[in-house]
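K.L.:
The following comprises the amino acid sequence and a computationally predicted model.
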Amino acid sequence: MKREPVSPYRIGAAGRLRVVAPTVGFEEMIDGAYNQLRTYGATHVLVLTRILEVLTVLADEATTREQRAAVLRHGAMTLRAGREHLSEPNDRSELERRYEAVVRAVGERHAVA
């Protein structure tokens, strides 16, 4: 994203290292945010389409190849969940349309789901 990575080092007032704190990268953040939502919302078209909408926004903001790949990976997993769990053809078509928006936002010409 556009923010600079947070340093794991915390420096005290005297300029001495006080704490080394673990940091969370973009991929870990997106995994934590979407894995459970996708898993538990797999049978709900509104949940899946909303995930894809948010991923489209994230793709527009992603600045590195790794970030864009993580967004695309979650988009593909969301599409597969919908294909597996949604029986209504119109719901599946809508999910396909939303996934294509993610792909366009990422800038990939050929994404495999």
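P.N.:
Good, I have the coordinates.

K.L.:
Counting residues, name the longest helix you see in the protein.
P.N.:
helix 65-85 (DSSP state H).

K.L.:
Need the contact partners of the next helix or strand after that helix.
P.N.:
Per DSSP states H and E, helix 65-85 leads on to helix 89-106 as the next helix or strand towards the C-terminus. Under the contact criterion CB atoms under 8 Å, 6 or more residues apart in numbering, helix 89-106 has outside partners 45, 48-49, 52-53, 55-57, 59-60, 62, 68, 71-72, 75-76, 78-79, 82-83, 86, 111, 113. For glycine as for every other residue, the C-beta is placed from the backbone atoms N, C-alpha and C.

K.L.:
Would you mark the buried spots in helix 89-106?
P.N.:
91-92, 94-95, 98-99, 102-103, 105-106 (16 or more other CB atoms under 10 Å).

K.L.:
ok so, going back, filter the contacts of helix 89-106 to the buried ones?
P.N.:
Burial by neighbour count, 16+ other CB under 10 Å: within the contacts of helix 89-106 this picks out 45, 48-49, 52, 55-56, 59, 62, 68, 71-72, 75-76, 78-79, 82, 86, 111.

K.L.:
pLDDT value on the most far-flung residue of the chain relative to its centre, please?
P.N.:
Distance from the C-alpha centroid of the chain peaks at A14, with 39.7 Å (CA atoms, centre = their mean). Confidence at A14, expressed as pLDDT, is 89.

K.L.:
In a helix, it, correct?
P.N.:
No: using DSSP: H, G, I helix; E, B strand; the rest coil, the assignment for A14 is coil, not a helix.

K.L.:
how about V54, secondary structure?
P.N.:
Strictly by three-state DSSP, V54 counts as helix.

K.L.:
ok, it - how many residues close by?
P.N.:
16 (other CB atoms under 10 Å).

K.L.:
Many thanks, we can stop here.
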